[in-house]
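In: here's a sequence, model it:
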Amino acid sequence: MADRTGRDSGVESDRGPSARRDLLSRPFPAVATSTPLERLESVQALCAWAEQEAEDAIAWYLADKRLKRQGSRIIRGLMIVLATTGTVIPLVGAATESGIQSWGYVFLAAAAGCKGFDHFFGLSTAWMRDIAAAQALRGELNEFRLAWSAELLRGVAEEPEQSVIQRRMALIGGLVGAVRRHLDAETADWNAEFRAGLQQLQEQTAVPGQRNTGTGAGEVMGMGR
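Out: Numbers count the residues shown, from 1 in each chain. Here you go, the predicted structure:
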């Protein structure tokens, strides 16, 4: 699954901050099956790989959250300043008779533009989704680690090797599947929000005569080609 950032299922955090824009899967570990010891070591390597995949996803969401939160705060702060300025300017102009009242509309229009920018690009909602996704993934990872620890504390000396491997592989598969479901769900939410914002933009920019017939801006542009 590749979404808006080209991410797959893990972030290459070892490559530094410059690589954090893409969430990519780590190399799959080699599996050795010659001896019972090698097989158990391979299962342990798969466990470490699955844990790191989850950790990478959590790190990606937390890094993305910081960027989105900063952008959202800047846009909202700018919107407040512009809206306040646009409200005060007409009052100052009326009191001083300086004729600057019309500038108030310019600042109010700029404030509305900031609000539209935030709504269309989903900065405020995106970082909240990032927080929710990171917390959900952390919960899945902690649950897996508890189950894995309980598995290691079991006495398996007299248990068939295949039973132990199958049980542990089921735990690993459960974690990998949980991470995938959360990534897919968050990507689907982002896609739905983006499409809704794009549809709203098309409706707002539609030609007045075409709006009643359900023809959006994209269709009008397509007719003119």
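In: what packs against the strand or helix carrying A196?
Out: Secondary structure assigned from DSSP states H and E places A196 in helix 161-204. Packing partners of helix 161-204 (3 or more Cβ pairs under 8 Å, 6 or more residues apart in numbering; DSSP states H and E): helix 36-96, helix 103-121, helix 123-153, helix 217-223. The way it works is simple: take the backbone N, C-alpha and C, and place the C-beta from them, glycine included.
In: average pLDDT for it?
Out: For helix 161-204, mean pLDDT is 86.
In: how big is the angle separating it from helix 103-121?
Out: On the basis of axes from the mean of the first three to the mean of the last three Cα atoms, to 10 degrees, helix 161-204 is oriented at 150 degrees to helix 103-121.
In: returning to that earlier point: closest one to D22 among the helices and strands packed on helix 161-204?
Out: For those, the distance to D22 is smallest for helix 36-96, at 8.7 Å, taking Cβ to Cβ.
In: most distant residue from the centre of this protein?
Out: Ranked by distance from the centre of the chain (Cα atoms, centre = their mean), the top residue is E97, with 50.6 Å.
In: mind checking how far that residue is from L108?
Out: As for E97, its distance to L108 is 21 Å (criterion: Cβ to Cβ, to the nearest Å).
In: list the residues that contact the residue most central in space within the chain.
Out: Among the residues of the chain, the one closest to the centroid is D130, at 4.9 Å (Cα atoms, centre = their mean). Applying Cβ atoms under 8 Å, 6 or more residues apart in numbering to D130 gives the contacts 61-62, 64-65, 68.
In: let's have those in JSON lines, adding neighbour count, pLDDT and distance to A54.
Out: Formatted as JSON lines, the contacts of D130 follow (neighbours: other Cβ atoms under 10 Å; pLDDT from 0 to 100; distance: Cβ to Cβ, whole Å):
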{"residue": "Y61", "neighbour count": "26", "pLDDT": "91", "distance to A54": "11"}
{"residue": "L62", "neighbour count": "18", "pLDDT": "91", "distance to A54": "13"}
{"residue": "D64", "neighbour count": "22", "pLDDT": "84", "distance to A54": "16"}
{"residue": "K65", "neighbour count": "19", "pLDDT": "84", "distance to A54": "17"}
{"residue": "K68", "neighbour count": "21", "pLDDT": "83", "distance to A54": "21"}
